[in-house]
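A.B. asks: this is the structure alone, sequence omitted:
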């Protein structure tokens, strides 16, 4: 469950990114955050992962008040929230498998390196044949699937994606979303910030529209433009 | 098991990082080694000077002449008290008779003078041999204040002041040089690690975003710093042992009055100290280098 209560966010340069956003995303929900560039979608994603802090208001993730989280407790939140970025954030010097293993090492889960979890995860995202390839040898869709595998291998109950199809062609974008739908069906809460109108219109899932830092629409089964 | 994995990961990452950045690593190790050899050299010089100061201090005396009318019990009490003071080596009471005997033995041909006087004009005295020349002025003042007991206090002040001067200068100069060299070593290691951190900033960002703890991110870099410091210090320690073994006897032969430590304990302690400085400076330098990249 993700809850934002009257969240305001003003960046140090004076930009007001969010202006009183309140919303609730229950467990196992699948929601799109839509709106024009600069509307505040990315800020919401960053607040959920405590990549940014609120100016006023509260953000709760699974009953944890993220705004009051002590610095040393941030890693524990981030282990529960998987974030998928438009630019994938893969390490170019590591293979697909090593990129996935890297997060297990980074989160001190060395035991899972040898119990088949990595293979299973790569199979789930359809990358079994690409495990020894480096990111530059992969298509955009495959790189994004590697990024998803990285979040998946940590068994995060929440997945937030910031423009996950932004750098992908339509087919790869579609495959990526299908993968996220599958994960949602298995119980993962999924929040996707996107500009992809076709995708949102086709999916007919929950749509939260943000405009100038405010929620202007929240429909359980909406399209990109309402 | 988990700890073994973590240790393997930390060291693995550290060595990979060092190898990736090998030119800089090599430079940092050599600089650290040179700095630490110089540092140890100064420590050895400092030790020699300190020993010299102590040796000179042992030669410094203080003589307090006892009034004839002073009570012997009073003098004995003062002598007992002086023996307990820090920096005071030997305290000897020279009675009037002893003084006369010494005079007679030293100036055999001038005995007539004493015959003329018909009585013993020489005062009894308390002679102090000091281990630490720094206590002389204070002690002299204290004894001079006991006018009922002591007639006069003779202090070889020139020598004492000179010895204290050398001692203080050696200490201050040594400390300044040691601090400066440690600073330079720290600077070199910090910059090497900073470059390593900068090269791996993407890795650090991803680690932080997926929930790695600060210590997990910092660990490999701290290990890198410790390895650079440790290897540099190891080279310095070996060079030190070899150089010292060669140089100490030569110096002692040429400048025989210099009390150069030739015992293996001193060199071993110096080598261990060098190693510790290398490890601590390396680890601390890295710890602070990574700090600003952790606020993701």
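C.D. replies: Nice, thanks for sending it over. Just so you know, these numbers come straight off a predicted model, no measurement behind them. Residues are numbered from 1 along each chain as shown, chains lettered A, B, ... in the order given.

A.B. asks: now residue B:35, nearest residue through space, not along the chain?
C.D. replies: residue B:185 (4.3 Å; CB to CB, 6 or more residues apart in numbering or on different chains). Every C-beta, even on glycine, is put in place using the N, C-alpha and C of the backbone.

A.B. asks: residues near that neighbour, how many?
C.D. replies: Per other CB atoms under 10 Å in any protein chain shown, the neighbour tally for residue B:185 reads 28.

A.B. asks: tell me the first helix or strand C-terminal of the helix or strand harbouring it.
C.D. replies: Assigned by DSSP states H and E, residue B:185 belongs to helix B:157-199. Counting by DSSP H and E, the next helix or strand C-terminal to helix B:157-199 is helix B:201-209.

A.B. asks: now the angle from that next one to helix B:157-199?
C.D. replies: With axes from the mean of the first three to the mean of the last three CA atoms, to 10 degrees applied, the angle from helix B:201-209 to helix B:157-199 works out at 80 degrees.

A.B. asks: show me what helix B:201-209 is packed up against.
C.D. replies: Helices and strands touching helix B:201-209, as assessed by 3 or more CB pairs under 8 Å, 6 or more residues apart in numbering or on different chains; DSSP states H and E, comprise helix A:96-106, helix B:214-254.

A.B. asks: mind putting the ones you listed in JSON lines, distance to residue B:270 and mean neighbour count included?
C.D. replies: Listed next are the helices and strands packed on helix B:201-209 as JSON lines, based on distance: least, CB to CB, whole Å; neighbours: other CB atoms under 10 Å in any protein chain shown:
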{"stretch": "helix A:96-106", "distance to residue B:270": "40", "mean neighbour count": "22"}
{"stretch": "helix B:214-254", "distance to residue B:270": "6", "mean neighbour count": "20"}
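
A.B. asks: I'd like to know which of those is closest to residue A:18.
C.D. replies: helix B:214-254 (27.8 Å; CB to CB).

A.B. asks: quick check: which element contains the residue located most distally from the centre of chain B?
C.D. replies: Distance from the centre of chain B peaks at residue B:116, with 56.1 Å (CA atoms, centre = their mean). In the assignment (DSSP H and E), residue B:116 maps to helix B:111-117.

A.B. asks: who does whichever helix or strand comes after that helix pair up with?
C.D. replies: As assigned by DSSP H and E, the chain's next helix or strand after helix B:111-117 is strand B:124-130. When pairing is defined by DSSP bridges, strand B:124-130 lines up against strand B:61-66 (antiparallel), strand B:88-94 (antiparallel).

A.B. asks: helices and strands around the next helix or strand along the chain from strand B:124-130, which ones?
C.D. replies: Per DSSP H and E, the first helix or strand lying C-terminal to strand B:124-130 is helix B:136-145. Judged by 3+ CB pairs under 8 Å, 6+ apart, the packing partners of helix B:136-145 are strand B:61-66, strand B:124-130, strand B:150-154, helix B:157-199.

A.B. asks: picking up where we left off before, mind pulling up the pLDDT for the residue nearest to residue B:35?
C.D. replies: pLDDT for residue B:185: 79.

A.B. asks: now swap in residue B:295 and tell me
C.D. replies: Looking at residue B:295, the pLDDT reads 66.

A.B. asks: show the backbone phi and psi for the residue lying closest to residue B:74 once chain neighbours are set aside.
C.D. replies: With CB to CB, 6+ apart as the measure, residue B:149 is the residue that lies nearest to residue B:74, at 5.8 Å, once sequence neighbours are left out. Geometry field for residue B:149 lists phi and psi as phi -100, psi -50, criterion degrees, to the nearest 10.

A.B. asks: what about residue B:149, how many residues close to it?
C.D. replies: Burial of residue B:149 is recorded as 19 neighbouring residues (other CB under 10 Å).

A.B. asks: contact partners for it?
C.D. replies: Counting by CB atoms under 8 Å, 6 or more residues apart in numbering or on different chains, residue B:149 touches B:66, B:67, B:70, B:74, B:75, B:78.

A.B. asks: out of those, which end up buried?
C.D. replies: B:66, B:67, B:70, B:75, B:78 (16 or more other CB atoms under 10 Å in any protein chain shown).

A.B. asks: need these in a markdown table with distance to residue B:207, can you?
C.D. replies: Listed next are the buried ones among the contacts of residue B:149 as a markdown table, based on distance: CB to CB, whole Å:
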| residue | distance to residue B:207 |
| --- | --- |
| B:66 | 79 |
| B:67 | 82 |
| B:70 | 81 |
| B:75 | 77 |
| B:78 | 72 |
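
A.B. asks: contact residues of the stretch 101-250 of chain B facing chain A?
C.D. replies: Proximity of the stretch 101-250 of chain B to chain A (CB under 8 Å from any CB of the partner chain) is limited to residues B:202-203, B:205-214, B:216-217.

A.B. asks: any chance of a ChimeraX selection covering the buried ones in these?
C.D. replies: The ChimeraX selection below is limited to those of these classed as buried (16+ other CB under 10 Å):
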select /B:203,206,207,208,209,210,211,212,213,214,216,217
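
A.B. asks: farthest pair within the residues of the stretch 101-250 of chain B next to chain A?
C.D. replies: B:202 and B:213 (18.5 Å).

A.B. asks: mind checking the helices and strands packed on helix B:201-209 for the one nearest to residue A:5?
C.D. replies: Closest among the helices and strands packed on helix B:201-209, once you apply CB to CB, is helix B:214-254, at 28.8 Å.

A.B. asks: buried set for whatever helix or strand comes next after that closest one?
C.D. replies: Later in the chain than helix B:214-254, the nearest helix or strand by DSSP H and E is helix B:264-291. Residues B:266-267, B:270-271, B:273-275, B:277-287, B:289-290 are the ones in helix B:264-291 that count as buried (16+ other CB under 10 Å).
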